[in-house]
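Chemist: let me see the structure of the following:
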Amino acid sequence: MGMKHLSRLIPLALLLILVFTLCSCDKFFSQKEIKDTEKSELPYAKSSTTTKDSSTNINHSSNSSKSKDYAPLTPYPYTRLNSSELPDIAIIVDDFGYSGKLLERYAQELPAEVAFAVLPNLPYTRKAGEIASQYGHPVLIHIPMEGTGVQESKCITTKSSAEEIISLLDDFYAQLPMAVGANNHQGSTITENREIMTIILDWLNQHKLFFVDSATSKNSVAQRLAYSRGYAALKRDIFLDVPDDTEQTLADKISSLNKYQGRREPIIIITHCHNENKLANLQRFIREIRGQGLHLTSIINAKNISA
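Modeler: Residues are numbered from 1 along each chain as shown. Okay, the predicted model is just below:
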């Protein structure tokens, strides 16, 4: 009797095993399909402020620009004159917005040609922009971008969508409506990324702003990409306060100006506003170059010459 019951249960058990197996397989393949869909590239979000390449896709890999088959970018064609004279010098002071301690002194004591690059979303962002403008200094939006250092809480990263990037830029500009252009804060990763820089440069051009590549990466595409799209863009030549603010470093930086002899485009110099020593160092630099008969020019004039 037991054997008869057992013989009836075996087919039922086999049927249950078969049903369970089929359900499991179906679940596995359904989950795999969802994951594969998530891995596919999302479409490049179209914005009313983006006029070029709106159908381009963002690849969130930091090396996406290197993996795609792009036409090579033409280097910016600096103009060489038959002259041994040095071009004018344009200076940008980065990182305003953290503190108001030395803000008035920088604005009052530096020539009006010196530009202030102001970080958004900081306690003194708006005040820095207003005081700079009050004393005639051009203002740049110091756009926080992904790099190798500590990132600002709101910054453009390789994970940002096109819509997120444009939203951030809109917000930054709303905080600094007097801005005439922008440069990158950190950003070694972003300035190497052709897709993301296209969004940024297109947005700047739409708002009649220009870009200054701080050149935090030797592989940056920013200036070449801007040039290829017909936009005015500049690139940093010298960091005045790197590696330090010593007299020897300052002397070395002044000597290094000679390699720009005969260039038509102004020399772009960046320094920072972190302390009183940096202010004194910049003032010494300006006295030295003026003593040699060199001239300061504004970043706006430098842009116009380069354009």
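
Chemist: could you use CA atoms for every contact and neighbour count after this?
Modeler: OK.

Chemist: so where do the helices sit in the stretch 201-307 of the chain?
Modeler: 222-228, 247-256, 276-291, 299-306 (DSSP state H, counting those that start in this stretch).

Chemist: from those, which stretch is densest packed?
Modeler: For the helices of the stretch 201-307 of the chain, ranked by mean neighbour count under the definition mean count of other Cα atoms under 10 Å, the leader is helix 222-228 at a mean of 22.

Chemist: tell me which residues are up against that helix.
Modeler: For helix 222-228, contacts defined as Cα atoms under 8 Å, 6 or more residues apart in numbering pick out 73-76, 191-192, 194, 197-198, 201, 212-213, 232-235.

Chemist: what about 10 Å?
Modeler: Counting contacts by Cα atoms under 10 Å, 6 or more residues apart in numbering, the residues outside helix 222-228 that touch it are 72-77, 190-194, 196-198, 200-202, 205, 210-215, 229-236, 307.

Chemist: about what we covered before: what's the closest of the helices of the stretch 201-307 of the chain to residue 186?
Modeler: Taking Cα to Cα as the measure, these were each checked against residue 186, and helix 222-228 came out nearest at 13.4 Å.

Chemist: which stretches of this protein have low pLDDT?
Modeler: Along the chain, segments meeting pLDDT under 70 span 1-69.

Chemist: not counting its neighbours along the chain, what's nearest the spatially most central residue of it?
Modeler: Here the mean C-alpha position of the chain is nearest to the C-alpha of residue 184 (Cα atoms, centre = their mean), at a distance of 3.8 Å. Taking Cα to Cα, 6 or more residues apart in numbering as the measure, residue 184 lies nearest to residue 143, with 4.9 Å between them; neighbours along the chain are not counted.

Chemist: ok but the one you found is inside a helix, no?
Modeler: No - under the criterion used here (DSSP: H, G, I helix; E, B strand; the rest coil), residue 143 is strand, not part of a helix.

Chemist: please give me every residue in contact with it.
Modeler: Going by Cα under 10 Å, 6+ apart, the list of residues near residue 143 reads 117-120, 152, 154-156, 168-169, 172-173, 182-187, 200.

Chemist: which PyMOL command selects the buried ones in these?
Modeler: The buried residues among those can be selected in PyMOL (16 or more other Cα atoms under 10 Å) with this line:
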select buried, resi 117+118+119+120+152+155+156+168+169+172+173+182+183+184+185+186+187+200
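
Chemist: does residue 127 touch residue 100 like I think?
Modeler: Yes - judged on Cα atoms under 10 Å, residue 127 makes contact with residue 100 at a distance of 8.1 Å.

Chemist: related to what we said a few turns ago, which element is the residue nearest to the centre of the chain on?
Modeler: Residue 184 is located in strand 181-186, with elements delineated by DSSP states H and E.

Chemist: which helices and strands does that strand pack with?
Modeler: Packed against strand 181-186 by the contact rule (3 or more Cα pairs under 10 Å, 6 or more residues apart in numbering; DSSP states H and E) you find strand 89-96, strand 115-118, strand 139-145, helix 194-206, strand 210-213, strand 233-235, helix 299-306.

Chemist: what comes up buried for the next helix-or-strand element following the third one?
Modeler: It refers to strand 139-145. Using DSSP H and E, the helix or strand that follows strand 139-145 towards the C-terminus is helix 162-175. For helix 162-175, the neighbour count (16+ other Cα under 10 Å) marks 162, 165-166, 168-169, 172-173, 175 as buried.
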